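**Student:** Have a look at this prediction, sequence included:
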Amino acid sequence: MPGESVRLSDLVAATEGTIIGDTDPIISDVEHDSRRVREGGLYVAIRGHTSDGHQYLQAVSRTAAAVCVEDAQALDVPQLVVRNTRQALGRLAHIVHGKPSSRLSVAGITGTNGKTTVTYLLESIAEAAERSAGLIGTIGARIAGAPVATSRTTPEASELHRLLAQMVADGVTIAAIEVSSHALDLFRVEAVEFSVVAFTNLSQDHLDFHGDMEQYFRAKARLFDPSRAHHAVVNTADPWGARLADELRDTPLPVTTVLGDDAAVSVSDVAQGLDSSSFVLETPQGVISIELPLGGRFNVDNAVVAAGCALGLGFDLAEVKRGLEATAAIPGRVELVDAGQEFAVLVDYAHTPEAIAAIVEETAGLAKGRVIVVV
């Protein structure tokens with residue numbers, strides 16, 4: 001979904017690049033996958049872990065209007081030469097697709113656990129307020145309720161900005177995006193403008209990629225950049241969240257703390273079951289009781305993070321209550337499976353030691369008999 005006509009020369013400033021070639025074509029799309037390049041498209045050659053997009057330039061140049069490269073080659077199409085094509089990809093897609101994130105209220109959710117649930121809760125709050133919503137995450141994407149297949153938790157920047165542009169075209173006003181640590185390290189959310197960003201928690205995961213917890217944390221912290229985010233919501237009950245909130249004190253980014261000691265948004269009177277929970281939500285805007293149709297204390301925490309985001313986006317408490325209480329079951333997230341059996345079966349995406357321990361502890365406390373765990 002392109003915006004106004006964009007010429008290759010219009011993209012130089014955003015990428016600090018230089019153009020090689022005598023023509024200045026109109027660019028209608030940006031693509032990093034050589035198999036998907038169409039006429040009018042700008043192909044961005046990305047160097048990956050197992051392949052290098054530069055090796056496809058000769059073939060792609062027969063179709064593409066131009067290419068973006070780190071190393072110029074002898075080609076018959078103009079080349080935009082930049083220092084880092086992976087970083088340039090998002091900036092290029094943002095401009096070519098009409099800067100879609102600036103025309104939406106975008107919430108970016110990061111953390112080890114809870115990202116999917118928080119995005120679904122935000123979608124439900126938006127719908128309860130009669131606002132058209134979109135979401136992008138692990139399970140896929142939805143645009144105004146219609147499912148859209150995606151390749152990963154946070155799509156590559158070219159796909160992400162294209163999805164955001166489609167949301168704008170379809171009348172969506174609120175978009176909730178899961179932002180993985182890989183996405184932050186690999187510039188997949190480059191040039192996305194966030195109305196609110198949120199931190200759920202941090203525990204051991206993806207250390208094969210990041211190396212250690214410090215580097216994992218630093219990747220997550222990149223989302224909380226005042227140059228592209230307008231407001232932050234941070235779970236300070238999590239020690240890494242408390243550290244993040246402390247680091248953000250010296251920045252211009254406004255921060256709403258949730259769940260921790262002296263947090264701005266907190267919870268009390270929690271009661272929980274396998275398929276539902278209730279609690280009192282305490283906020284600067286007032287206090288309200290919530291009947292959440294999701295079980296487990298961790299989902300109460302997710303609901304509080306979602307509420308903090310919604311309030312930061314301008315929703316009122318009544319809309320937050322209606323949305324949380326109208327939330328449908330989330331696939332693979334403490335999902336009850338009823339096949340007529342005489343015992344409860346739960347399916348959950350828990351894949352880290354902390355997440356598995358949490359759900360086992362929760363179900364053990366609620367079960368009337370044995371708890372059998374299949375991992």
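**Tutor:** Alright, I've got the coordinates.
**Student:** Check what pLDDT His231 gets.
**Tutor:** At His231, the pLDDT value in this model is 98.
**Student:** The closest residue to Ala318 other than its chain neighbours: neighbouring residues, count only.
**Tutor:** Counting by Cβ to Cβ, 6 or more residues apart in numbering, Ala318 lies nearest to Ile288, which is 7.9 Å off, once chain neighbours are set aside. For glycine as for every other residue, the C-beta is placed from the backbone atoms N, C-alpha and C. Using other Cβ atoms under 10 Å, the number of residues around Ile288 comes to 16.
**Student:** show me what contacts Ile288?
**Tutor:** Val280, Leu281, Leu317, Ala318, Val320, Lys321 (Cβ atoms under 8 Å, 6 or more residues apart in numbering).
**Student:** At which residues are the strands of the stretch 1-150 of the chain located?
**Tutor:** Assigned by DSSP state E, counting those that start in this stretch, the stretch 1-150 of the chain shows strands spanning 6-7, 18-20, 26-27, 29-31, 41-44, 66-69, 79-81, 105-110, 133-137, 140-143, 146-148.
**Student:** farthest pair in the contacts of Ile288?
**Tutor:** For the contacts of Ile288, the farthest-apart pair by Cβ to Cβ is Val280 and Ala318; their separation is 15.2 Å.
**Student:** returning to that earlier point: just the ones of the contacts of Ile288 in strands?
**Tutor:** Judged by DSSP state E, strands contain the following of those: Val280, Leu281.
**Student:** The contacts of Ile288, buried ones only, as a ChimeraX selection?
**Tutor:** With 16 or more other Cβ atoms under 10 Å as the criterion, this ChimeraX line picks the buried residues out of those:
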select :281,317,320,321
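**Student:** so which of the contacts of Ile288 comes closest to Lys99?
**Tutor:** Val320 (28.8 Å).
**Student:** And that closest one, how close does it get to Glu335?
**Tutor:** 23 Å (Cβ to Cβ, to the nearest Å).
**Student:** Can you check the pLDDT for the residue most central in space within the chain?
**Tutor:** Closest to where the C-alpha atoms of the chain average out (Cα atoms, centre = their mean) is Glu178, at 2.1 Å. Note for Glu178: predicted pLDDT of 97.
**Student:** ok, it touching Ile139?
**Tutor:** No. The pair Glu178 and Ile139 does not pass the contact test of Cβ atoms under 8 Å, sitting 9.2 Å apart.
**Student:** Overlap in contacts, those two.
**Tutor:** Common contacts of Glu178 and Ile139 (Cβ under 8 Å, 6+ apart): Thr116.
**Student:** okay, how far is it across stretch 307-323, tip to tip?
**Tutor:** Distance between the two ends of stretch 307-323: 9 Å, counting by Cα to Cα, to the nearest Å.
**Student:** no wait, stretch 173-192
**Tutor:** Start and end residues of stretch 173-192 are separated by 15 Å (Cα to Cα).
**Student:** can you give me the helices in this structure?
**Tutor:** Using DSSP state H, the helices of the chain run over residues 12-15, 57-60, 85-96, 115-128, 157-169, 181-185, 207-210, 213-221, 239-248, 297-312, 317-325, 353-366.
**Student:** what sits against Ala232?
**Tutor:** Listed by Cβ under 8 Å, 6+ apart, the contact set of Ala232 reads Val196, Val197, Ala198, Phe199, Phe224, Leu248, Leu253, Pro254, Val255, Thr256.
**Student:** thinking again about what came up before, which residues does the residue nearest to the centre of the chain bridge with?
**Tutor:** When bridges are called by DSSP bridges, Glu178 pairs up with Ile109.
**Student:** Low-confidence ranges, the chain, go.
**Tutor:** Low-confidence segments of the chain (pLDDT under 70): 1-4, 205-211, 332, 349, 351, 362, 364-368, 375.
**Student:** can you list the domains in it?
**Tutor:** The record's domain parsing of the chain by automatic domain parsing lists 6-96, 100-325, 335-366.
**Student:** any idea how far the longest one is from the chain center?
**Tutor:** Relative to its parent chain, domain 100-325 has a centroid offset of 7 Å by Cα atoms, centre = their mean, to the nearest Å.
**Student:** so how far does it reach from one end to the other?
**Tutor:** End to end - Cα to Cα - domain 100-325 spans 30 Å.
**Student:** Same question for stretch 90-106.
**Tutor:** 16 Å.
**Student:** Then stretch 37-53?
**Tutor:** Note: stretch 37-53 ends 12 Å apart using Cα to Cα.
**Student:** ditto for stretch 258-271
**Tutor:** Terminal residues of stretch 258-271 lie 19 Å apart, using Cα to Cα.
**Student:** Assess the claim that Ala112 and Ala358 are in contact.
**Tutor:** Careful, residue 112 is Thr; it's not Ala. No. With contact defined as Cβ under 8 Å, Thr112 does not reach Ala358; the gap is 11.2 Å.
**Student:** Neighbour count for these two, which is higher?
**Tutor:** Higher neighbour count among Thr112 and Ala358: Thr112, with 22 against 18, using other Cβ under 10 Å.
**Student:** Which residues are in contact with that one?
**Tutor:** Thr112 sits next to Thr200, Asn201, Leu202, Ser203, Gln204, Asp205, Thr352, Glu354, Ala355 when contact means Cβ under 8 Å, 6+ apart.
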